[in-house]
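>>> Pasted the sequence and its predicted model underneath.
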Amino acid sequence: MHLLSASCVCALLIAALLPSRVSGLETVIGLYGETLEIPCNNGAIKAEDVLITKWKYDKGEGLPGDLLVKQKNQNVSISATDEYKGRVSMAANSSLLLSAAKLADQRTFTCMVVTGADITEYPVNVVIYKMPASLEISDKADELEIGRLTELGTCVAQEANPAVNITWSKNNKLLVADGKGVSIQASVLVDPVTGLSTTSSILEYSAEKEDTDAKFTCSTQHIVGAELVSSPVTFTITYSTENIVLQAIAQDPLVEGDNVTLKCVADGNPAPTSFNFHLKGELVKVENADTYTITNVSRDTTGEYKCSLIDNPTLEASEDITVNYLDINLNPSGNIIKSAGEALDLTFQIDASGESKVSWTKDNVKLDKEPKFTKLTYLDSGRYECKVTMGLLSRKASFELLVEGAPVIRQLSKQRGEDGQHKVLICEAEGSPKPAVSWSINGTSPEESPYINGKITHKITVVPSANLTVSCTVTNEFGMDTKAINVSSLFVEVRVDKQDQLEDSDQTKLVVGVVVGLLVATMVIGLAYWVYMKKSKQGSWKTGEKENGSSEEEKKLEEKVEENSQKAEV
């Protein structure tokens, strides 16, 4: 028992004689098991004006219980002797600190403040909350049967205050009791010692086929704290087989020589383990498996296949299987040697399970159409390849064609060099194998073109000092060919060119002189004729003859003028 000083006792006696004022009731929420701070007057009275601060609580039935008291400029005196002994203390701001809060602390605590001759009381109502210790689903069902209301499990929220409300969800979607497919029953159990409540919720559920792998959870939202959600649980959904599907598993495209696996898929749970496979008139029974493999398929494997349940043969499924094939035959093939001028007959056949596309190439260059060889030339030599495609399937065939023959000189020509000091002889030939080229004279700067498509061009440079006849000869193992060409001396050509130019100049001058002379003669004759006619007319006037004068003389003069005119034209 604590002893109060004389001044404290005196102040308490005076306070007891004075009427006290009570402020409005305030509510403070505390968390179970933690320290609770209960405020005193919330700063309504200045600390320097307070003489005495005393805390008490309502013990029930109108009986107060003392907790502690503090006089101005003195330490706190603890007066609690019951369950609050060792649990109460005072903060610097006169708040009551209550440790290890429990449900029994849900009552009214009063702070009494003495200031001079005035006494004020501040009652505070305390409420203690506690979140559930855990949330889990127990008593889970082994499996759920479609269409049957089954107890799925029990969700338990332990030791909470106040008691919580539990909700159920499937795949995060809230379940609502409807009395048919969903039924929820909740109950609350209060611990007589702690006063905490444990809530239990039982979910009864009628499953559907879509509930396979569905996640069920339960949750609760307390007044304080975040939402609690249980760990999700899943259930095995049992139901009879209603649908069956036959699958053909094979690489794409399925071709001859491959394997194909037939898989019978049923939607029952537990799934059937034995099936009948109908293989084009043959019945094969498979137990403890849902597959059957056909090995080394052929084009005859193409057709309809079925599977069914052994315990229910009427429930069956079918699937069409198509074995793709693509065969091509090119004749002839491989290496083909022909002579120039001959014909080559190609036969190409396609046997396919579907529509195909054909393309040809020669020496890896695409051709517009299938090659035809009615008369072979050296240009036809090369590697020919045919590619046939049908979807993802493709086949190739090829042949190497070599056209052979004796060489032939197609052209033998000459041309003067750019500097005019030499001549270039050009021999163009065809043949296969590649012909050898030789000349009847020696030349310089020999040049040979690449041998392409049986063609070759050979050039030599010569400086002839006299007129020559030069021959080009081409040979290979099948024969030879020769052609000759006349080549004149460069010096002779120069003289001839100059003489020709001189003669041309003299002839031009001569022609111009003759033409001018003829024109002058024509003018003279014309003038003479005009004078003659004038005199003739004057004479007739003098003698009294007719104007037209002598007709014979006129005719002679006209004939003379015409003759001279013709000579001038010549």
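Structure received.

>>> show me what contacts Thr108?
For Thr108, the contacting residues are Leu25, Tyr57, Asp58, Pro123, Val124, Asn125, Val126, by Cβ atoms under 8 Å, 6 or more residues apart in numbering. All C-beta atoms are positioned from the backbone trio N, CA, C, and that covers glycine.

>>> who's it bridged to?
Residues in a beta bridge with Thr108, per DSSP bridges, are Asn125.

>>> measure it to Gly33 for me?
21 Å (Cβ to Cβ, to the nearest Å).

>>> try Leu279
74 Å.

>>> More neighbours: which of these two?
Leu279 (15 against 11; other Cβ atoms under 10 Å).

>>> Just list whatever residues bridge to that one.
Glu282, Tyr305.

>>> Now that we're looking at it, what pLDDT does it have?
Here, the pLDDT recorded for Leu279 equals 91.

>>> just checking, it touches Ile294?
Yes. The criterion here is Cβ atoms under 8 Å, and Leu279 meets it with Ile294 at 7.3 Å.

>>> What values do phi and psi take at the residue nearest to Gln421 when sequence neighbours are not counted?
Distances taken as Cβ to Cβ, 6 or more residues apart in numbering place Val463 nearest to Gln421, at 6.9 Å, with adjacent residues excluded. Val463 adopts backbone torsions of phi -130, psi 80, taken as degrees, to the nearest 10.

>>> And for Asp363?
Given degrees, to the nearest 10, the pair of backbone angles that Asp363 has is phi 50, psi 40.

>>> which of the contacts of Thr108 has the most neighbours?
The most crowded member of the contacts of Thr108, judged by other Cβ under 10 Å, is Tyr57 (25 neighbours).

>>> For my notes, confirm it occurs in a helix.
No. Assigned with DSSP: H, G, I helix; E, B strand; the rest coil, Tyr57 falls outside any helix and is strand.

>>> Could you find the closest non-adjacent residue to the residue positioned nearest the centre of the chain?
The C-alpha lying nearest the average C-alpha coordinate of the chain belongs to Leu392 (Cα atoms, centre = their mean; 20.6 Å). Ranked by Cβ to Cβ, 6+ apart and with sequence neighbours excluded, the top spatial neighbour of Leu392 is Pro253, at 5.2 Å.

>>> Same check on Glu143?
Thr236 (4.2 Å).

>>> now swap in Asp300 and tell me
Val323 is the one closest to Asp300 (Cβ to Cβ, 6+ apart), at 8.0 Å.

>>> quick revisit: the residue nearest to Gln421 and Gly431, how far apart?
From Val463 to Gly431 the distance is 30 Å (Cβ to Cβ).

>>> Same question for Glu418.
Counting by Cβ to Cβ - Glu418 and Gly431 are separated by 31 Å.

>>> do the same with Met90
126 Å.

>>> So which of the two has more stuff around it?
Neighbour totals were compared for Met90 and Gly431, and Gly431 leads with 27 against 21 (other Cβ under 10 Å).

>>> from memory Ala104 sits against Asp82, does it?
No. Between Ala104 and Asp82 there is no contact under Cβ under 8 Å: 10.6 Å.

>>> Report the residue spans of the chain with pLDDT below the cut-off.
Scanning the chain for pLDDT under 70 picks out 1-24, 491-522, 524-570.

>>> at 80 instead, please
For the chain, applying pLDDT under 80 flags the ranges 1-24, 42-45, 47, 62, 116-117, 225, 418-420, 490-570.

>>> where do the helices sit along it?
Along the chain, counting by DSSP state H, helices occupy 6-17, 490-543, 551-569.

>>> what's the distance between the closest residue to Leu25 other than its chain neighbours and Asp211?
Leaving aside its chain neighbours, Leu25 sits nearest to Pro123 (5.3 Å; criterion: Cβ to Cβ, 6+ apart). To Asp211, Pro123 is 56 Å away according to Cβ to Cβ.

>>> right, and the residue nearest to Glu143 touches Ala214 too?
No. The pair Thr236 and Ala214 does not pass the contact test of Cβ under 8 Å, sitting 11.1 Å apart.

>>> Looking at those two, which one has more neighbours?
Neighbours per residue, other Cβ under 10 Å: of Thr236 and Ala214, the larger number sits with Ala214, 18 against 15.

>>> how about that one, what does it touch?
Residues near Ala214 by Cβ under 8 Å, 6+ apart: Lys170, Asn171, Thr234, Phe235.

>>> Out of these, who's the most crowded?
Neighbour counts for the contacts of Ala214, by other Cβ under 10 Å, peak at Phe235, which reaches 21 neighbours.

>>> Now it, what are its backbone angles?
phi -140, psi 150.

>>> Distance of Ser231 relative to Phe348?
71 Å.

>>> Have a look at those two and say which one is more surrounded.
Counted by other Cβ under 10 Å, Ser231 and Phe348 do not tie: Phe348 has more neighbours, with 14 against 10.

>>> Hmm, the more buried one is touching Ile328, no?
Yes. Using Cβ under 8 Å, Phe348 is in contact with Ile328, at 7.2 Å.

>>> so what sits against both of these two?
Cys386, Ala397.

>>> Touching, Leu68 and Lys54? I think so.
Yes. Between Leu68 and Lys54 there is a contact under Cβ under 8 Å: 7.4 Å.

>>> Between those two, which has more neighbouring residues?
Lys54 (22 against 19).

>>> Bridged to the more buried one, which residues?
Beta-bridge partners, per DSSP bridges, of Lys54: Val69, Met112.

>>> quick one: it and Tyr32, what's the gap?
Separation of Lys54 from Tyr32 (Cβ to Cβ) stands at 27 Å.

>>> cool, and Glu256?
For Glu256, the distance to Tyr32 (Cβ to Cβ) stands at 79 Å.

>>> mind listing the strands for the stretch 251-400 of the chain?
260-266, 275-279, 282-286, 291-294, 303-309, 316-321, 326-331, 334-339, 347-352, 357-362, 365-367, 382-390, 393-416 (DSSP state E, counting those that start in this stretch).

>>> Kindly export the first one (C-alpha atoms) in PDB.
What follows is the C-alpha trace of strand 260-266 in PDB, where atoms were taken according to Å, rounded to 0.1, in the frame of the first residue of the first chain:
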ATOM      1  CA  VAL A 260       1.100 -43.400 -87.200                       C
ATOM      2  CA  THR A 261      -0.300 -43.700 -83.600                       C
ATOM      3  CA  LEU A 262      -4.100 -43.900 -83.000                       C
ATOM      4  CA  LYS A 263      -5.000 -42.300 -79.600                       C
ATOM      5  CA  CYS A 264      -8.500 -42.700 -78.200                       C
ATOM      6  CA  VAL A 265      -9.400 -39.900 -75.800                       C
ATOM      7  CA  ALA A 266     -12.400 -40.200 -73.500                       C
END
